[in-house]
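Peer 1: Return atomic coordinates for the entry below.
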Amino acid sequence: MKPDPYTETVEALLALGGQRVWSLMVTLFGDLAQNEGTAIDGPVLSAVMAAMDIRPEAVRVALHRLRNDGWIISEKRGRTRRHALTPKSRKESAEASARIYAPSGTAEEDWQIALLEDATVAAPEEMAKRGFAPLGPRIYVGGAKAEPPKHALRLEGSDPPGWLGAQLADAMLTDEYAALLPILRTADRRLGAATLTPLQLTVLRCLIVHNWRRIILRHPPLPATLLPEGWAGTLCHAHVHSLLAQLPRPDLSTIRPA
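Peer 2: Next up, the predicted model:
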């Protein structure tokens, strides 16, 4: 018998790997409890983690790590322990959310080339934070609004040649997007007609956002005009946007164990 759309999607997303428990929690809190004053009760957190086949001891270890890292605070209300983001983690979550939840098809189209004085002026990691991807030891490309280091030569981009998109795509985690794309495409087609509980909605949103977040935040946001037509990352973005619209955030108070 063919799995139902919910089970099929959850199993496929979990099979991609890379779901560290503490990182899944970062995604969950960022998606459901980012606003000040919002917290997730311990039983709700346990129910969501259990629905993703995560053992209670792994949940405890992840909570301990996140508290030590200053990412969450926990307090007891009666017999229930509640967990919330700290001011620092709320700020960082909000900054990441601007990119994670950005509507598809809204990226800027203008671009630039930045030529550095020499290769030691800025490391590729710093240039990525500035919004640039490398073409060579001193040559980077990025959106027109990206800010290169002081004294860099800025050249306005025109119609990019095809080889440029192909070269950039190789450095933009294309293989990881290509692995995620068929799962999102199938989920987008099948989940619309599914009847889902608040717990199932929460699990699906967490896994979709998590697998999207762990790729998109590892490379600069290049304009679509620089990337090949039909690039897997662009297609993933469209499906993520569509799926999250179909799977609205549930009220935390409605989430119950399976």
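
Peer 1: how would you label the closest residue to Ala51 other than its chain neighbours: helix, strand or coil?
Peer 2: Spatial nearest neighbour of Ala51, excluding adjacent residues (Cβ to Cβ, 6 or more residues apart in numbering): Val203 at 4.8 Å. From N, CA and C alone the C-beta is placed, and that goes for glycine too. With DSSP: H, G, I helix; E, B strand; the rest coil as the basis, the three-state label of Val203 is helix.

Peer 1: Is there a neighbour count for Val203? I'd like the number.
Peer 2: 27 (other Cβ atoms under 10 Å).

Peer 1: next one: Glu147
Peer 2: Glu147 has 12 nearby residues by other Cβ under 10 Å.

Peer 1: do the same with Ser104
Peer 2: Counted with other Cβ under 10 Å, residues neighbouring Ser104 total 15.

Peer 1: Equivalent analysis for Ser93, please.
Peer 2: Neighbour tally, Ser93, other Cβ under 10 Å: 19.

Peer 1: For Ile73, which residues are in contact?
Peer 2: 67, 83-86 (Cβ atoms under 8 Å, 6 or more residues apart in numbering).

Peer 1: at 10 Å what do you get?
Peer 2: 39, 66-67, 82-87, 89 (Cβ atoms under 10 Å, 6 or more residues apart in numbering).

Peer 1: now the spatially closest residue to Asp118 that is not a sequence neighbour: how far from Leu24?
Peer 2: Distances taken as Cβ to Cβ, 6+ apart place Arg138 nearest to Asp118, at 6.4 Å, with adjacent residues excluded. Computed with Cβ to Cβ, to the nearest Å, the distance linking Arg138 and Leu24 is 39 Å.

Peer 1: between the two, which one's more packed in?
Peer 2: Leu24 (23 against 17).

Peer 1: The more buried one: what's its closest spatial neighbour, skipping adjacent residues?
Peer 2: Closest residue to Leu24 apart from its sequence neighbours, by Cβ to Cβ, 6+ apart: His210 at 5.8 Å.
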